[in-house]
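Undergrad: Test case, fold it:
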Amino acid sequence: MDAYRIGLMSGFLGTLVLLVVVMSLKRKRQGGAAYDERQAAIRGRGYKYAYVTAGLLTSVYAICFEGIAERFIEPGLVLVAILFLSGLVLSGYCIFKDAYWGYNQHRHKGMIVCWGALVILFLAQAISKIMDGKVIENGRISFDGGLPFVMVAFFLVFLCMQGLKLIIDKRDAE
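TA: A predicted model of the protein is given here:
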């Protein structure tokens, strides 16, 4: 394993641990998110749709495109993209059905700023990969070079969904 992948995994695990610690401290202080029965049912349906999406896309990839796609893109990047796409299905379903935030949580406009910052950070990393020529290696899109683009797409779509829901809610309130 090269130094970049070790750094990527270390950063991911460190961020995950930090996120768990911060969220557990926040949950102790404020209490966890509470969802009513309607929201719980919607979230359950959203998880089901996300699971089915991941299963179908993985099956289609394995049956139809595995040999063909390997010439153009690393298989690990395709599987990560499928995972993020199923996450977008879940979050989009929950956002637009008003089950993303618990009834005891406030919809912070500052979250949109955070998502925007993540888009900018991953976009900078993607541009850096383009400048270094690491996006395409041996004639196909590499995992290291393609991952920032997958992350930018994920966070950008999520940002757009949050912003669109904010606009819809504001319009409905009027």
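Undergrad: Distance of residue 95 relative to residue 166?
TA: Using C-beta to C-beta, to the nearest Å, one gets 10 Å for the distance from residue 95 to residue 166. To be clear about C-beta, it is placed using only N, CA and C from the backbone, and glycine gets the same treatment.
Undergrad: Looking at the two now, which is surrounded by more residues?
TA: More neighbours surround residue 95 than the other of residue 95 and residue 166, with 20 against 15 (other C-beta atoms under 10 Å).
Undergrad: Just the element for the more buried one, please.
TA: Under the criterion of DSSP states H and E, residue 95 resides in helix 75-96.
Undergrad: and if you look at residue 112?
TA: Element membership for residue 112 (DSSP H and E) is helix 110-132.
Undergrad: How far off centre is the helix holding residue 95?
TA: Distance of helix 75-96 from the chain centroid (C-alpha atoms, centre = their mean, to the nearest Å) equals 6 Å.
Undergrad: and it, C-alpha only, in PDB?
TA: Output in PDB follows, covering the C-alpha atoms of helix 75-96 (Å, rounded to 0.1, in the frame of the first residue of the first chain):
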ATOM      1  CA  PRO A  75     -13.600  -1.300 -10.000                       C
ATOM      2  CA  GLY A  76     -13.200   0.100  -6.500                       C
ATOM      3  CA  LEU A  77     -14.200   3.600  -7.700                       C
ATOM      4  CA  VAL A  78     -17.400   2.200  -9.300                       C
ATOM      5  CA  LEU A  79     -18.400   0.500  -6.100                       C
ATOM      6  CA  VAL A  80     -17.700   3.600  -4.000                       C
ATOM      7  CA  ALA A  81     -19.800   5.600  -6.500                       C
ATOM      8  CA  ILE A  82     -22.600   3.100  -6.100                       C
ATOM      9  CA  LEU A  83     -22.400   3.400  -2.400                       C
ATOM     10  CA  PHE A  84     -22.600   7.200  -2.500                       C
ATOM     11  CA  LEU A  85     -25.500   7.000  -5.000                       C
ATOM     12  CA  SER A  86     -27.500   4.800  -2.700                       C
ATOM     13  CA  GLY A  87     -26.700   7.300   0.100                       C
ATOM     14  CA  LEU A  88     -28.100  10.100  -2.100                       C
ATOM     15  CA  VAL A  89     -31.300   8.000  -2.600                       C
ATOM     16  CA  LEU A  90     -31.700   7.700   1.200                       C
ATOM     17  CA  SER A  91     -31.000  11.300   2.000                       C
ATOM     18  CA  GLY A  92     -33.000  12.700  -0.900                       C
ATOM     19  CA  TYR A  93     -36.000  10.600   0.000                       C
ATOM     20  CA  CYS A  94     -35.800  11.600   3.700                       C
ATOM     21  CA  ILE A  95     -35.200  15.300   2.900                       C
ATOM     22  CA  PHE A  96     -38.100  15.700   0.500                       C
END
